[in-house]
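*Asks:* give the three-dimensional model of this entry:
(chains A and B)
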Amino acid sequence: MKKIVAILFLGILGFFIFSGIYANDAFGSFGKVNLNDRVSNKFITKSVTNDNEIVEYNKSSNLETGSSNYVTSIVVNYRSFDTLGEVTVLFVSSLGVALLLGSFGGKLTLKYKANFILRVGAKTVFPLIALIGIYIFTHGHLTPGGGFPGGSMIASAVLLLYLSDENFRAKMSSFKLTESLMGSLYVLVGIFGLFTAGYFLSNFLNTGVVGNLFSAGIVPIVYVLVGLKVGSELTGIITDFLKEEVNE
Amino acid sequence: MKIINIVEIVTSLLLLILAILAVSSKKMINSIIYLSFLSMLAVVSFVIMRSPDVAITEAVIGSGLVTAVFLFTLLSMKKVGDKK
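*Replies:* Numbers count the residues shown, from 1 in each chain, chains lettered A, B, ... in the order given. Coordinates of the predicted model:
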């Protein structure tokens, strides 16, 4: 009976959503808007203050933000303050996990004994995963990805080491130090922009040619900082969860 | 009908089935595995919808780290359950 009611409820909800989207009654006025009036078009052509020009790969230079991946140009340049807020949310959640689970001082030894394949395989795969993570957050302004996925990849590589090696104990103090240092550097970059270009987290460096590795001003710097910060934070969270599995 | 449309339809149907299975399965471990598989398929659907940024994030966090955290939590929940 409960399942039938739930399925009926879901069906009604789905009908409303699909009729709202496809019948074009609820959002009818959105179909008639000229795209050039939209803010998102200004974000894509990378000119909020000037007129819109066509951005060409490997040719256009000295745009407002030089990243060819325009998700990155929105997330780290136009909406960089939001990214600072997201990083703060992640920091607060890792702080909460550490407060709840982190009262453990002994040596990390797992209940099971890791077998041969897991030990050797983890040591072989760990550098590859870590390298892909670093690639993703250093090339965040060129290819899909960025600080958050790159940092999570590094955290999953460290998780593999935790699972395989019994005596591996990461120096938690160094992870905490990396995390706090990277967060402080992000805010310092923002304050530096405030003093040199007039507003918080403004792009004060030369943005270069679209598509080069050394382009996009402060965007790669901020993404490297965010990637290292997210990686160390998620490693801390996973370590706190794993500590529950430890023999006393 | 192109191949990509068929892939799209199959993926979305499998997503629905896996979501129902993940909610209604009796064992917790099965539900975690279904969730992990669901986020792997969500990666495919994100790539089809042309948002590779979200796809990478979903692949790493949804099917990797969240599954690991759920498994650790489940393993430590078992200790409490054994006592009764």
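*Asks:* how many neighbours does residue B:40 have?
*Replies:* Residue B:40: 14 surrounding residues under other Cβ atoms under 10 Å in any protein chain shown. For glycine as for every other residue, the C-beta is placed from the backbone atoms N, C-alpha and C.
*Asks:* which other helices and strands does the strand or helix carrying residue A:149 contact?
*Replies:* Assigned by DSSP states H and E, residue A:149 falls within helix A:147-164. When contacts are defined as 3 or more Cβ pairs under 8 Å, 6 or more residues apart in numbering or on different chains; DSSP states H and E, helix A:147-164 packs onto helix A:116-138, helix A:219-242, helix B:52-57.
*Asks:* and these, which one's lowest on average pLDDT?
*Replies:* Note on the helices and strands packed on helix A:147-164: lowest mean pLDDT is at helix A:219-242, with a mean of 85.
*Asks:* ok, that helix near chain B or not?
*Replies:* Yes: Helix A:219-242 lies within reach of chain B by Cβ under 8 Å from any Cβ of the partner chain, at A:234, A:237-238, A:241-242.
*Asks:* closest one to chain B out of these, please.
*Replies:* In terms of Cβ to the nearest Cβ, no member of the residues of helix A:219-242 next to chain B lies closer to chain B than residue A:241, at 4.5 Å.
*Asks:* ok so, going back, could you redo the residues of helix A:219-242 next to chain B as CSV and give each row distance to residue A:85 and neighbour count?
*Replies:* Putting the residues of helix A:219-242 next to chain B into CSV (distance: Cβ to Cβ, whole Å; neighbours: other Cβ atoms under 10 Å in any protein chain shown) gives the following:
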residue, distance to residue A:85, neighbour count
A:234, 18, 25
A:237, 19, 22
A:238, 23, 20
A:241, 25, 20
A:242, 29, 21
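*Asks:* for stretch A:200-211, which outside residues touch it?
*Replies:* Stretch A:200-211 has contacts (Cβ atoms under 8 Å, 6 or more residues apart in numbering or on different chains) with A:55-68, A:77, A:80-81, A:84, A:142, A:189-194, A:196-197, A:214-219.
*Asks:* show the buried residues in those residues.
*Replies:* A:55, A:60, A:63-68, A:77, A:80, A:84, A:142, A:189-190, A:193, A:215-219 (16 or more other Cβ atoms under 10 Å in any protein chain shown).
*Asks:* which stretches of chain A have low pLDDT?
*Replies:* A:22-37, A:52, A:102-112, A:166-173, A:243-248 (pLDDT under 70).
*Asks:* try it again at 90.
*Replies:* Residues of chain A meeting the criterion pLDDT under 90: A:1-3, A:6-7, A:10, A:14-88, A:90-91, A:93-123, A:133, A:136-152, A:154-248.
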